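Trainee: Sequence first, then the predicted structure:
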Amino acid sequence: MFAAENGLKGDPRLQAISETIRVIPHFPKPGIMFQDITPLFLNHKVFKDTVDIFVDRYKDMGISVVAGIEARGFMFAPCIALAIGAKFVPLRKRGKLPGKVISEAYELEYGEDCLEMHVGAVQEGEKAVVIDDLVATGGTLSAAIKLLECMGAEVVECACVIGVPELIKGQNRLNGKSLYMLVEPSEIENCC
């Protein structure tokens with residue numbers, strides 16, 4: 001569900017978020033329209049508003065784990081975790097975490113990859129939200145859900161700044177988990 005469908009319709013913060021995201025054609029390979037969120041961080045108000053929207057949504061849900069997906073999910077998840085009093089759990093690419101890890105492979109829009117999480121990072125019964133910058137096919141979020149649930153956490157929801165509706169293959173890949181997105185590419189006009 002998009003934020004505008006959940007009480008934020010007409011919220012000027014969503015428009016400001018859309019205006020700071022730029023589209024880079026043919027990156028990282030031909031045919032991909034890359035949604036670049038990095039300009040969002042250059043405007044402290046828009047960055048704060050983005051985090052605040054997520055914080056307002058999750059602050060009263062009893063969330064104890066905010067899992068951020070490498071790399072751009074790392075830019076939002078720790079801020080959200082601090083604001084709601086939860087721990088931040090990094091979900092990293094293969095070989096980036098020292099010590100004992102569990103792994104989950106997944107397919108991307110333009111290839112394959114693997115996520116890893118430290119064994120013991122979450123405890124059975126903890127409520128988690130998964131944060132990333134963008135959802136397209138749902139493969140990365142699906143891998144994140146599997147990692148957290150393998151360790152006994154309850155994934156309450158997945159959340160992204162950008163949702164690509166025409167690429168989201170329903171929510172089948174998310175095992176029925178709710179998906180919360182702030183903006184969609186049709187709202188983003190900044191093309192380089």
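Mentor: Here it is on my side, so go on. Keep in mind the model is a prediction, meaning the values are calculated, not measured.
Trainee: Surely Gly152 and Gly120 touch.
Mentor: No - contact between Gly152 and Gly120 fails when scored by CB atoms under 8 Å: they sit 11.0 Å apart. Heads up, the C-betas are built off the backbone N, CA and C, glycines and all.
Trainee: Buried residues of stretch 23-42, list them for me.
Mentor: By 16 or more other CB atoms under 10 Å, the buried positions in stretch 23-42 come out as Phe34, Gln35, Asp36, Ile37, Leu40.
Trainee: give me the element the first one is part of.
Mentor: Using DSSP states H and E, Phe34 sits within strand 33-36.
Trainee: Rounded mean pLDDT for that strand, please.
Mentor: What strand 33-36 shows for mean pLDDT is 90.
Trainee: Average pLDDT for the following helix or strand past it, rounded please.
Mentor: Following strand 33-36 in sequence order, the next helix or strand is helix 44-58 (DSSP H and E). Averaged across helix 44-58, pLDDT comes to 98.
Trainee: confidence score at the nearest residue to Ile131 once chain neighbours are set aside?
Mentor: The shortest distance from Ile131 to any non-neighbouring residue, by CB to CB, 6 or more residues apart in numbering, is to Ala77 (4.1 Å). Looking at Ala77, its pLDDT is 99.
Trainee: Over to the one 3 residues further on?
Mentor: At Ile80, the model reports a pLDDT of 99.
Trainee: can you give me the helices in this protein?
Mentor: Read by DSSP state H, the chain holds these helices, from start to end of the chain: 12-20, 44-58, 77-84, 139-150.
Trainee: packing partners for the shortest one?
Mentor: Okay, so that is helix 77-84. helix 44-58, strand 65-69, strand 87-93, strand 127-135 (3 or more CB pairs under 8 Å, 6 or more residues apart in numbering; DSSP states H and E).
Trainee: try it again with 6 Å
Mentor: Counting contacts by 3 or more CB pairs under 6 Å, 6 or more residues apart in numbering; DSSP states H and E, helix 77-84 packs against helix 44-58, strand 65-69, strand 87-93.
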